[in-house]
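Colleague: Build the 3D model from these lines:
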Amino acid sequence: MGITGSGYMARTHAESILRLGSAGKLVAIWGGSRAPELAARFGVDCEATVEALAKRADIDAIVVTTPQQVHARDTLLALEAGKHVLVEKPMATTLSDCDRMVDAAARRGLVLAVGYTLRFRVNAPRAKELIAAGAIGRVLTMHYSMIRRMDDNFGGNKLAWMNAPEAVGFVLDGLPHGIDMIRWLTGAEARTVAGFSRTFLPGRPVEDSTVGVIELSNGAICSVNVTNAAAGPYPGEEARLSMIGSAGIIDLNAFGDMHLSDRAEGWRVISSQPPVPFADPDAAFTAVERMQAFWDQMKSFVDGINGKPMQMGTGADGRAGVAVSLALLASSREHRLITLT
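Modeller: I've put the predicted structure just below:
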């Protein structure tokens, strides 16, 4: 395997590849000022260009962790070189790039996976089981929130590239996880969206806050609130999905407790995600509480490469997150409902 990028997520995936044992080996890294240091840490090569990384004969798969505005470029180079790809979310910054990526993978018979790690934490899989078993009946309404501070960047300085116009805005960085949870848990697709987007932070050239409403194909409706303009931390709201059903309620905190409520037994905790040590960057790379999801995701990626069932997000899943995020921005800009196709 190879990795593009050398920041927080690059090191996270490098640690995950180590856990594969004989199933996978990291051989090279490219990209960013920290690439030589990261390559030295893991005892692998540091390539001078992304093209050189993609052309290596000893690489079968590449993990793309560069800024979102170059995801499409790095992914397409890898796919055209015959490499399977795991790309971090958001998959890309335009739908046309998403389509090019999906088409390139299909044309070459390669795996294109998207990094939706909430599928591999404790609470979301448990919620999927409960919903499939009818624990809350028919899902009626939902609310997803991701509320963060501008400097809450999970161990690395993302401010420069996140402020670039090519990065589009925070909704594209923050909402795809929520859209994937909604789709994965319910099997429904987003059909119509209405959104209001704003830039509240001084000096920020792109969107930092979006509130929207989404109509789903199963008749359910969902509200979303994503911002990194919060003045301080908001524990429990960093990635939270509330689901109101005809027979019960699920309140899912991706980094804390998940509650189930119904008339028979009332409000109770049914599963918990152990706290993730985001405040300590070095611990975050080794703490089982955080890394287990990435270890399991990497194993699922390798399963897909080997033709086995894969729990990971696919290119179609990645495209869906981008489509909703961009539609919310378009709705705000054009003051109209946007119908997704």
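Colleague: Flag the shaky bits of the stretch 151-300 of the chain, pLDDT-wise.
Modeller: 151-159, 278-279, 281 (pLDDT under 70).
Colleague: Okay, strands next: where are they in it?
Modeller: 190-198, 209-216, 221-230, 240-245, 249-253, 257-261, 268-272 (DSSP state E, counting those that start in this stretch).
Colleague: what would those look like in JSON lines with mean neighbour count?
Modeller: No exception for glycine: its C-beta is placed from N, CA and C like everyone else's. Output for the strands of the stretch 151-300 of the chain, formatted as JSON lines (neighbours: other Cβ atoms under 10 Å):
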{"stretch": "strand 190-198", "mean neighbour count": "18"}
{"stretch": "strand 209-216", "mean neighbour count": "21"}
{"stretch": "strand 221-230", "mean neighbour count": "21"}
{"stretch": "strand 240-245", "mean neighbour count": "21"}
{"stretch": "strand 249-253", "mean neighbour count": "22"}
{"stretch": "strand 257-261", "mean neighbour count": "19"}
{"stretch": "strand 268-272", "mean neighbour count": "14"}
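Colleague: Pull up the gap between Phe200 and Ala229, please.
Modeller: Distance, Phe200 to Ala229, using Cβ to Cβ, to the nearest Å: 5 Å.
Colleague: Mind listing the shared neighbours of these two?
Modeller: Residues touching both Phe200 and Ala229 (Cβ atoms under 8 Å, 6 or more residues apart in numbering): Asp208, Ser209.
Colleague: I'd like to know which of the strands of the stretch 151-300 of the chain is closest to Gly32.
Modeller: Of all the strands of the stretch 151-300 of the chain, it is strand 221-230 that lies closest to Gly32, at 21.6 Å by Cβ to Cβ.
Colleague: Which residues does that closest one contact?
Modeller: The contact list for strand 221-230, computed with Cβ under 8 Å, 6+ apart, reads 140-150, 152, 170-171, 174-175, 178, 182, 200-201, 208-216, 328.
Colleague: C-alpha coordinates for it, PDB please?
Modeller: Only the C-alpha atoms of strand 221-230 are listed here, as PDB (Å, rounded to 0.1, in the frame of the first residue of the first chain):
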ATOM      1  CA  ILE A 221     -37.600  14.100   6.800                       C
ATOM      2  CA  CYS A 222     -34.300  15.100   8.300                       C
ATOM      3  CA  SER A 223     -32.800  18.400   9.600                       C
ATOM      4  CA  VAL A 224     -29.000  19.100   9.700                       C
ATOM      5  CA  ASN A 225     -26.900  21.600  11.500                       C
ATOM      6  CA  VAL A 226     -23.200  21.700  10.700                       C
ATOM      7  CA  THR A 227     -20.900  24.500  11.800                       C
ATOM      8  CA  ASN A 228     -17.300  25.100  12.800                       C
ATOM      9  CA  ALA A 229     -18.100  28.600  14.000                       C
ATOM     10  CA  ALA A 230     -19.000  27.600  17.500                       C
END
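Colleague: Just the buried subset of the contacts of strand 221-230, please.
Modeller: 142-148, 150, 152, 170-171, 174-175, 178, 182, 201, 208-216, 328 (16 or more other Cβ atoms under 10 Å).
Colleague: ok so, going back, any chance of the strands of the stretch 151-300 of the chain in a markdown table with distance to Lys25 as columns?
Modeller: As requested, the strands of the stretch 151-300 of the chain are exported to a markdown table (distance: least, Cβ to Cβ, whole Å):
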| stretch | distance to Lys25 |
| --- | --- |
| strand 190-198 | 39 |
| strand 209-216 | 40 |
| strand 221-230 | 36 |
| strand 240-245 | 36 |
| strand 249-253 | 35 |
| strand 257-261 | 36 |
| strand 268-272 | 34 |
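Colleague: Brilliant, that's me finished.
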